[in-house]
Structures are given as C-alpha cells and as structure tokens.
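Would you be able to build a 3D model of this:
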Amino acid sequence: ALGLGLLQAELHRRHLTCDSRYLTFAFADIIGLAEYQWLCHEVPYAAFAGDWVFTESLYGSDPERDERFLSEVARARWRMSDTDVTRLRNIRSRVGVFLDHCVRDVEWEKYDVVGFTSTFQQNLASLALAQRIKRLRPELYVVFGGANWDGEMGPALHERFEFVDFALTGEADLSFPA
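Model (predicted):
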C-alpha cells in the first residue's frame, strides 16, 4: 500500500521506528489462495461478504443476523448458490485461526502504537484484529485511517469502537506522525 510506505518513510525521517505488515497474505494462506481470490474478485463487492466473514469475530455469535445476511443479501440480492454460501461459511470458520495467528505471530510488545489503514472490505477484519490486540495490550494506542475512516465515517466509527484510540481522516502524512 503506497500510503503505508509514505507514512513509514515520514516516521523514519523523524527517527521513529515503524514496521508495516500486510496480514492479508496470511489470511490468503490460511483460507487458501483460491478461496481468497474468489472472495476478493468473484463475489460481488457490494455483497460485503468480505466484511460478513469477520462479523462474528468482532460482534460475537448471532445466528439470526447471519441467516438474514445469507438469505436476504447473499442469496436473494446477489443470487449466490448454496455452494457459494457454503464457501463463505467455510472461509468464516477459518477467521479465528487467522486472527489468532496475527496476535500470536507478531511481537506486539515491541510497539507503542499500532495503526490500521482500511479501504474497501477491510473494516471488520481490521476492527476484529484491533479488538484482540487491545485486549492483549490495553496500553497500546490503536489508530485507524484510510478511505473507510474518511470524512464523517471516521469520528462515527471512533465513537462506536472504544478500543480505537485515534481516528485520522483525510491525508495522514502530517497528522499521523504528529
């Protein structure tokens, strides 16, 4: 992501240590590359299936909510087949493994701040991971930015998710390092 590279370079210029991680690669490994590509490139973006697979990890179990999504959105609106719905359920069943991997395999104690950039269907995945990280390290500052947090959405999301310490709207080249 170009934005992450720019932010990292600015932090390094200010003599602040920064790492960038692209955890989506681990997600593709865990669910399988074919399933990852299907979810990202074949399932209609506006179905928000990429967000739905992380819903339970963020909000907890709600079978009624899930069945409404699958029947009203996936099947009725987007004409997804039973096979497609099964694929979505299978992907969702691996989300906990992915989030556990992210929490376990990164040395979060090395960091004072963790930032998430969220674009397209990354909000619930990023929020689910941020929530787990904050539980593990409550003193760690959690910062969100990106297109999904721009404008009015940023403050509204920040207010909704108490584990998010800062929300950046607009260009973060100056506001994030500051």
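
show me the contacts for the most centrally placed residue in the chain.
The chain has Ser126 as the residue nearest its centroid, 2.2 Å off, counting by CA atoms, centre = their mean. Ser126 makes contact with Phe116, Ser118, Phe144 under the criterion CB atoms under 8 Å, 6 or more residues apart in numbering. For glycine as for every other residue, the C-beta is placed from the backbone atoms N, C-alpha and C.

So which of those wins on neighbours?
Phe144 (25 neighbours; other CB atoms under 10 Å).

Pretty sure that residue sits in a strand.
Yes: checked against DSSP: H, G, I helix; E, B strand; the rest coil, Phe144 lies within a strand.

is it in a bridge, and if so with what?
When assigned by DSSP bridges, Phe144 has beta-bridge partners Phe116, Ala167.

Can you name the residues that contact it?
Contacts for Phe144 were tallied using CB under 8 Å, 6+ apart; they are 115-118, 126, 130, 154, 157-158, 164, 166-168.

Just the buried subset of the residues you listed, please.
Gly115, Phe116, Thr117, Ser118, Ser126, Ala130, Gly154, Leu157, His158, Val164, Ala167, Leu168 (16 or more other CB atoms under 10 Å).

which SS state does the residue nearest to the centre of the chain fall under?
Criterion first, three-state DSSP; result for Ser126: helix.

Just the local confidence number for it, please.
The model reports Ser126 with a pLDDT of 96.

what sits up against the helix or strand containing Arg87?
When elements are assigned from DSSP states H and E, Arg87 belongs to helix 82-105. Outside helix 82-105, the residues that touch it by CB under 8 Å, 6+ apart are 23, 26-27, 30-31, 35, 38-39, 43, 49, 52-54, 56-57, 70, 74-75, 80, 128-129, 132-133, 136.
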